[in-house]
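S.K.: no sequence on this one, just coordinates:
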């Protein structure tokens, strides 16, 4: 069965510093991969997605992610973090059935001044 | 509004009560999903509709959970005889295609 692991429960970065959030997946075929962000009391907002093609995908709010098949990873990056980026970030993989998303447990990002 | 809306946003129920959670998807969206998000966890899939047809309900945790979408638009998730372990945020998402999912703000259910 497919699964998603986000190794870091909490991450703290200084405003202006670079960010990398890790995501590893277990899946038999080429996965469909997603990153979502959830602010307190808000629903999930899609940052970016990977289906096929170029392994470096650009998303909204200056985020990007790189699909690395050899490492079964889809890490999220941002070169310079803003205080408004503080939120919970979820990596997700498309399930075999073709619609349901299988989410990781999330990484909570804290941004310090 | 342009997005997915859910009501109520907060619900407190006494153990044993029945609750109904509503989801208004984005107009014209064929697909509708329900997820359950426990505190400190990622969302977990509950069920999926394509128009009015419930194509997958494998994630529903027990027969106390029931979902419907009778006219292929608004959906209701019903939980009978609520238990404390049902306390969670229930998220609804809609989309046009298989993996395209736009999420609502969720309903936070607290069972006391």
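M.R.: Looks like it arrived, so ask away. Remember, predicted model here, so these are calculated numbers, not experimental data. Numbers count the residues shown, from 1 in each chain, chains lettered A, B, ... in the order given.

S.K.: quick check: the closest residue to residue B:39 other than its chain neighbours vs chain A, distance?
M.R.: Excluding the flanking residues, the one nearest residue B:39 by Cβ to Cβ, 6 or more residues apart in numbering or on different chains is residue B:88, at 7.4 Å. Just so you know, the C-beta spots here come from the backbone N, C-alpha and C atoms, and that holds for glycine as well. Residue B:88 is 13 Å from chain A, where distance means Cβ to the nearest Cβ, to the nearest Å.

S.K.: check what pLDDT residue B:88 gets.
M.R.: Looking at residue B:88, its pLDDT reads 97.

S.K.: show the average pLDDT along stretch A:67-75.
M.R.: 94.

S.K.: got the buried residues for that stretch?
M.R.: Buried residues in stretch A:67-75, counted by 16 or more other Cβ atoms under 10 Å in any protein chain shown: A:67, A:73, A:74, A:75.

S.K.: quick one, what contacts the residue of chain B at minimum distance from chain A?
M.R.: Closest approach between chain B and chain A, counting by Cβ to the nearest Cβ: residue B:42, at 3.3 Å. Going by Cβ atoms under 8 Å, 6 or more residues apart in numbering or on different chains, residue B:42 touches A:4, A:90, A:92, A:103, A:104, A:105, A:106.

S.K.: before we move on, back to that, out of the buried residues of stretch A:67-75, which is nearest to residue B:62?
M.R.: For these, the closest approach to residue B:62 (Cβ to Cβ) belongs to residue A:74, at 32.8 Å.

S.K.: quick check: bridge partners of residue A:10?
M.R.: Counting by DSSP bridges, residue A:10 forms beta bridges with residue A:108.

S.K.: was I right about it contacting residue A:107?
M.R.: Yes. With contact defined as Cβ atoms under 8 Å, residue A:10 counts as touching residue A:107 (7.2 Å).

S.K.: for chain B, give me the ranges with low pLDDT.
M.R.: In the predicted model, chain B carries pLDDT under 70 at residues B:1, B:98.

S.K.: hmm, try it at 90
M.R.: Across chain B, the ranges flagged by pLDDT under 90 are B:1-2, B:40, B:96-101.

S.K.: do chain A as well
M.R.: A:1-3, A:26-32, A:40-43, A:51-54, A:94-101.

S.K.: interface residues of chain A facing chain B?
M.R.: Residues of chain A found near chain B (Cβ under 8 Å from any Cβ of the partner chain) are A:4, A:32, A:34, A:36, A:41-46, A:49, A:51, A:90, A:92, A:94-95, A:97-106.
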